[in-house]
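*Asks:* Next comes the sequence, and after it the predicted model I'd like to discuss.
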Amino acid sequence: MEKAKIDSIQLFILVLLFEMGTSIVLAIGIEAKTSAWITILIGSLFGCLLFQVYIKLFQYYPNDLPTTYTRKIFGKYIGSLISFLYIVYFIYLTARVLRDFGELLLTFAYRNTPLFIVNSIMIIVVIYGAKKGIEVIARTAELNFLLIYFMAITGFILIFMSGLIDINRLKPLFGEGILIIFKVVATQTVYVPFGEMVIFSYLFPYLNHPKSTRRIGTFGILLGGINLAITMAINIAVLTAPKVENTPFPLLTTIQQIQIANFLERLDVFFLVTLFIGAFFKILLYFYVAVIATTTLFNIKQKDSIVYPLGLVVLILSITTASSYQEHIQEGLEVVPIYLHLPLQIIIPILLLGIAMVKNKRKKKNSGQKANSDQQNLENSKPSTDM
Amino acid sequence: MAKAKWSKLFKLTNKHKKPISPKTKDTSGEANNIPKKYLDKQLGINIQTLQQTTGNSDDIVIRKIELGINPSIKAAVIVTDGLVDDQLVSEFIITTLLEETKNKEIIPVESLFDRIEKKFLTIANVSSIYAWDELFPSLLAGEAIILIDGLAKALSTSTRGGEKRSITEPTTELSIRGPKDSFTESIRTNTSLIRRRINNPNLWLHSMKIGKVTQTDIAIMYINGIANDKIVEEVKRRLNSIEVDEILETGYIEQFIEDETFTTFPTIYHTERPDVVASNLMEGKIAIVVDGTPFVLTVPALFIEFFQVPDDYYSRFDISIAIRFLRVLVFFISLIAPATYIAVTTFHQEMVPTQLIIAIAAQREAVPFPAFVEAMLMEITFEILREAGVRLPRSIGQAVSIVGALVIGQAAVDAGIVSPAMVIVVSITAIASFATPSFAMAISVRIIRFSLMFLAAFMGFYGIIFGLMIMTLHLCSLRSFGIPYMAPFAPIMAKNLGDSLIRLPLWKLKTRPKLISQKNITRTADNQKPTPPTEENNS
């Protein structure tokens, strides 16, 4: 673990940037039509619940990275295996987001550029950032956060002034029924972007005020959810739900509608910058977490020695995992949530927490009354053998 | 609370941790090849040693005199010509010595020495010297040395003087409203200019000599109780660990003590204005004054500092806010204007209003080069012009500007080498880079500008954003004496944002920068907002 410290406001900004990430330019939860923004809000609520699980685990092991405490909880071999699974998961997701970003950029502006070039330029910045460490990442996030919010506010004012917003397009509120909302929440929005907060359990040990983590983190998730929901609501109010569903980047289409005084138009640069910053921090955080998880699992002293090879792996993986963008999207919608997100974001952390709670109770009892220790050990050994 | 935050953010680099070797302290002996260590009893031998060591240099003047009668004692006054105040030496030393001992018996010599030191001499600072390696530095610093036959010691008297440049208006940092004095090449003048502005015993000065051969005087100034002790210690340690033959300018010092060498951005601030140094000292920073140069260093330096000028504080706050915003705009223009032109004309034609892009395309019709080559050509031409202008004597300068207007102007367009739009872009970039207050920052931007142009030619806006992101990461990783370079933006210090991109009214700026000064943080009392007289006050 590198010796670095980030403070609460930096954590908050990292959470916010990570949440918005690439999700802000995409149409998440649009299956629920006009209620898409509600699915995002509900997703963020579930995200907060999940976040409590990660926080609770951190509070049991305040000085350890998950790779370390997984081994403490599950034992050396199973724990290492699970940690390794997480590393693979993080590397794969880094590659996925990188692919997402590359494809977005290709369709948006660089139709004739090879994906490899676009992705490798991105991975160069990411490697550079990961080498600099979490403190620098956090400070860079602060600067970019100011920029993003400045652009968001300007953009909102411009959209509003152009007279594009028609609230009636958001009706009917539950047009497709309540059920579909929960279906979309359960299959999409819980995992992306809110369940992805699992990576922050690798950053908690770097905090200098660990006590405020729960409050700050939860607040960050909720605000991120609200931001995404507002963006989606504006997209729908400007474009109507069917159009949002049919355009690849609703935010871009919305921005392109802006036309003020025959001068303020074609603000595509806004979109490009938002896309770049969002994707950059998402990829960077995934990648950084993959790097520190690898270094702690394999006891590598210098993270620099692992950054370049991992970067190369991510770059190649991002191009080879899917042969086309359609295949990539299909994997993302059908395979990843059920076989990757669900177990790794929800099931394993909850299992970990359950066992940690039991172990912790036993420890407390052991220290409290040593006389009965034999009996308790017998009792408590049951759940661990069940595993 | 403040302390905890400090210990997190204050991370000193360990690069400079070299043990201070005793060599740096007395290196004059080694460098000057003095044959003996201590002075001899006989005057003749001493003078011989002196002449031998200095290679009979003509500017070392040895005035031999005889004191007293029955028997008279030989003595010598030795000065370095040009470094001493001639009047002082002849009136207060030679005249005094001769007059006081005239027609008197002055044996024994020991008592004579004491009498000279305590009774005769009417000069402020007198000290005895026994060793040659003490004698030479004081002699060469402009002190007069008195040697007496029969004594293995010498008297050194402070007679420093000689020619100095007088205090003039600053030449590189002009201001419209503000003091008009600037530093000179003399360290004493410079420290006195600072002291005159801060009349407080807590303004502490710590002197040292750096440079094995040059033995340059260095002074560290800080305000005890406001400056951070850790940073003061760090500055002293880094200065002490410098082992080099010569220090000729603050730039030499800067390169030995900066946190990060491989960066285009300056992490140490330098100025020739005493008011800037005074205001930096009041923020808890530390000034390093070097003899022989009118530039004074202040550390730690923050990024935003290079966009602030003293006028900002002297003029009203709303005006300084507007001008500071303008400077940041100027920073971005000089950074990305040519790159944006390249990106737009090569990749993103759809982002420009149709009429404009048609006009630009029509102009570029006749130009034989791609936009990147065109921009490079013009930018390099401009850089040549600028470099030529800096070093030319004033009388020829006129010629360069006339020729320059031909190269970057209508003639270049008529020749079909560049398009008129490109000329405008280059000109606005040039003006913008001159509008950046700090030359050190402007030059670092110029270097980055070229790489951004290359990236723009390669990948359009994506390339520019890529370059800017690398730059941001790099900026955020910099530290100046342990202080994050991008503070107060990253890490965000809400209280210090009042004097960053904006400048609030002075009565609103209640605290010093939090990261730099740790203790005694308040500088303005509460309720300082000026109000018109109320009814009760009037009556």
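*Replies:* Received the coordinates, thanks.
*Asks:* State the phi and psi torsions of the residue most central in space within chain A.
*Replies:* With distances taken as C-alpha atoms, centre = their mean, the residue of chain A nearest its centroid is A:Glu196 (3.7 Å). Main-chain dihedrals, A:Glu196, degrees, to the nearest 10: phi -60, psi -10.
*Asks:* cool, and B:Glu105?
*Replies:* Dihedral angles (degrees, to the nearest 10) for B:Glu105: phi -90, psi 130.
*Asks:* so what's it up against?
*Replies:* Contacts for B:Glu105 (C-beta atoms under 8 Å, 6 or more residues apart in numbering or on different chains) come out as B:68-70. Every residue, glycine included, has its C-beta placed from N, CA and C.
*Asks:* Select only the buried ones of those residues in PyMOL?
*Replies:* In PyMOL syntax, the buried subset of those is picked out as below (16 or more other C-beta atoms under 10 Å in any protein chain shown):
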select buried, chain B and resi 68
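*Asks:* With distance to A:Lys211 added, can I get the contacts of B:Glu105 in CSV?
*Replies:* Formatted as CSV, those follow (distance: C-beta to C-beta, whole Å):
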residue, distance to A:Lys211
B:Gly68, 84
B:Ile69, 89
B:Asn70, 91
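*Asks:* can the contacts of B:Glu105 go into CSV with extra columns for distance to A:Ser324 and pLDDT?
*Replies:* Formatted as CSV, those follow (distance: C-beta to C-beta, whole Å; pLDDT from 0 to 100):
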residue, distance to A:Ser324, pLDDT
B:Gly68, 109, 81
B:Ile69, 114, 79
B:Asn70, 116, 75
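*Asks:* Among the contacts of B:Glu105, which ones are in helices?
*Replies:* Among the contacts of B:Glu105, the subset assigned to helices under DSSP state H is empty.
*Asks:* Near chain A, list only the ones from the contacts of B:Glu105.
*Replies:* Checked against chain A using C-beta under 8 Å from any C-beta of the partner chain, the contacts of B:Glu105 yield no neighbours at all.
*Asks:* Between the contacts of B:Glu105, which sits nearest chain A?
*Replies:* Closest approach between those and chain A, by C-beta to the nearest C-beta: B:Gly68, at 72.9 Å.
*Asks:* With adjacent residues omitted, what lies nearest to the closest one?
*Replies:* B:Ile106 (3.6 Å; C-beta to C-beta, 6 or more residues apart in numbering or on different chains).
*Asks:* Quick check, that neighbour in contact with B:Glu66.
*Replies:* No. Between B:Ile106 and B:Glu66 there is no contact under C-beta atoms under 8 Å: 10.7 Å.
*Asks:* okay, the two: which has more neighbours?
*Replies:* Neighbours per residue (other C-beta atoms under 10 Å in any protein chain shown) separate B:Ile106 from B:Glu66, with B:Ile106 holding more: 18 against 13.
*Asks:* these two touch, right, the residue nearest to the centre of chain A and A:Met20?
*Replies:* No. The criterion here is C-beta under 8 Å, and A:Glu196 misses it with A:Met20 at 11.8 Å.
*Asks:* how near is the residue of the stretch 201-350 of chain B found nearest chain A to A:Ala261?
*Replies:* Closest contact between the stretch 201-350 of chain B and chain A, by C-beta to the nearest C-beta, is at B:Glu350 (6.6 Å). B:Glu350 sits 19 Å away from A:Ala261, taking C-beta to C-beta, to the nearest Å as the criterion.
*Asks:* what about the two, which has more around it?
*Replies:* B:Glu350 (11 against 7).
*Asks:* doesn't the more buried one fall inside a strand?
*Replies:* No. Applying DSSP: H, G, I helix; E, B strand; the rest coil, one finds B:Glu350 to be helix, outside a strand.
*Asks:* give the contact list for it.
*Replies:* Here B:Glu350 is in contact with A:266, A:268 (C-beta under 8 Å, 6+ apart).
*Asks:* do the helix ranked longest in chain A and chain B meet?
*Replies:* If you go by DSSP H, chain A has its longest helix at helix A:76-108. Yes. Residues of helix A:76-108 contacting chain B under C-beta under 8 Å from any C-beta: A:Leu105.
*Asks:* Check stretch A:147-161 too.
*Replies:* No. Against chain B, stretch A:147-161 shows no contacts by C-beta under 8 Å from any C-beta, the least distance being 9.3 Å.
*Asks:* Can you name the residue of the stretch 51-200 of chain B nearest to chain A?
*Replies:* B:Glu173 (27.8 Å).
*Asks:* Touching stretch B:63-72 from outside, list them.
*Replies:* B:73-79, B:94, B:97-98, B:101, B:103-107, B:112, B:148.
*Asks:* Just those residues: which are in helices?
*Replies:* B:97-98, B:112.
*Asks:* Out of those residues, which one has the lowest pLDDT?
*Replies:* Within the ones in helices among the contacts of stretch B:63-72, pLDDT reaches its minimum at B:Leu112, with 81.
*Asks:* dump the residue contacts of the nearest residue to that residue once chain neighbours are set aside.
*Replies:* The spatially closest residue to B:Leu112, leaving aside those adjacent along the chain, is B:Ile106, at 4.8 Å (C-beta to C-beta, 6+ apart). The contact partners of B:Ile106, by C-beta under 8 Å, 6+ apart, come to B:67-68, B:73, B:112.
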